[in-house]
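Asks: Just need the structure, nothing else, for what follows:
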Amino acid sequence: MGKCMLCPRRCRADREKGETGVCRETDRIRVARAALHMWEEPCISGETGSGTVFFTGCSLGCVYCQNFQISESRTGAEISPDRLAEIFLELQEKGAANLNLVTPTHFVPGIVKALEKAKTDGLSLPVVYNTGGYELVETLRMLEGLVDVWLPDLKYLNPENARRYSRAPDYPERAREALDEMVRQSGSPRFDEKGMMTRGVIVRHLLLPGCLKDAKHIVRYLYHRYGNRIYISLMNQYTPMESLDVKTYPELGVRVSERAYRQLVDYALELGVEQAFIQEGETAKESFIPPFTLEGVLPADHAEKEGKESGTDVLI
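Replies: Prediction:
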């Protein structure tokens, strides 16, 4: 990370010397929450919850970000790779179904060290890589043999949408390349006796207001390219957040209509998609965003001494 090239932004920030990249982070790992999480797909959360680690910062920077408190670096504590390895093992002890790394790309070198140490010390959970999909194949290859389940978004195939909402007109190309690499590494989907995914790829698409045409394009692309080698997760819970500039992006200031989501689901069924997750009932009105209070991040003795206040910046 001396001249950072971990993500497609290739910003070349000297993060080792304290410069922040496009991700808004230096090379020091920052985490906002590490806890059991029940709001993933059923084969990820299961009955006990996914052991989810929310990393601070993000290189994509979508204008509608649902986790803006952490993507904009507003909260998080600095921890060492050794402490991160401890967190992984603590989540396993709490009964997590898997280890779920959320927005991890800009910390991959430290995560690799932590995973290697944790596995040596007894980590046996499947590792889930939960990402916005804007990845470099070279970075993903650093994780080969360490990640079991890939959980990427495919946000756009329309470059104009990618430019307008994420300042990343190359997102479609980079995301397609990344998906090919994830499928290569994971192979065919595998599940345990409880129906939990132990290897494979689940591609998520969050339907945005007014973007049904691109959403259908995404479903068609995924089905025709990968067939039953992946699962597709179609999400309807888009929520306009307080960080959204509604004057600049008025089209995003509303929720997705039930009619638009149903059209997307029906389109997937008409194509022949069978391996998919859909959301029904009141999910569009529910919040899937947990509180980012540093839960599970600091060692117990330190957390008791310092309190769990957002924005704490200490290296453990």
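Asks: Strands of the stretch 201-316 of the chain, start to end?
Replies: Using DSSP state E, counting those that start in this stretch, the strands of the stretch 201-316 of the chain run over 231-235, 276-277.
Asks: Of those, give the one that comes closest to Asn98.
Replies: Proximity of the strands of the stretch 201-316 of the chain to Asn98 was assessed by Cβ to Cβ; the nearest stretch is strand 231-235, lying at 15.0 Å. Backbone N, C-alpha and C define where each C-beta goes, glycine included.
Asks: Name the residues that touch the closest one?
Replies: Residues outside strand 231-235 that contact it (Cβ atoms under 8 Å, 6 or more residues apart in numbering): 41, 189, 197, 200-207, 215, 219, 222-223, 261, 264-265, 268, 273, 275-279.
Asks: quick one: contacts for Tyr249?
Replies: Tyr249 neighbours (Cβ under 8 Å, 6+ apart): 63-64, 164-165.
Asks: Restricted to buried residues, select the contacts of strand 231-235 in ChimeraX.
Replies: Listed next is the ChimeraX selection for buried residues among the contacts of strand 231-235, using 16 or more other Cβ atoms under 10 Å:
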select :41,189,197,200,201,202,203,204,205,206,207,215,219,222,223,261,264,265,268,273,276,277,278,279
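Asks: The contacts of Tyr249: which two are farthest apart?
Replies: Every pair of these checked by Cβ to Cβ; the farthest is Tyr64 and Arg164, at 10.6 Å.
Asks: Where does the closest residue to Arg190 other than its chain neighbours sit: helix, strand or coil?
Replies: Nearest residue to Arg190, sequence neighbours excluded (Cβ to Cβ, 6 or more residues apart in numbering): Arg199, at 4.3 Å. Three-state assignment for Arg199 (DSSP: H, G, I helix; E, B strand; the rest coil): strand.
Asks: As a check, name the ranges of all helices in the chain.
Replies: Here the chain has its helices, by DSSP state H, at 42-45, 68-71, 81-93, 108-120, 137-141, 159-166, 171-186, 212-226, 258-271, 300-306.
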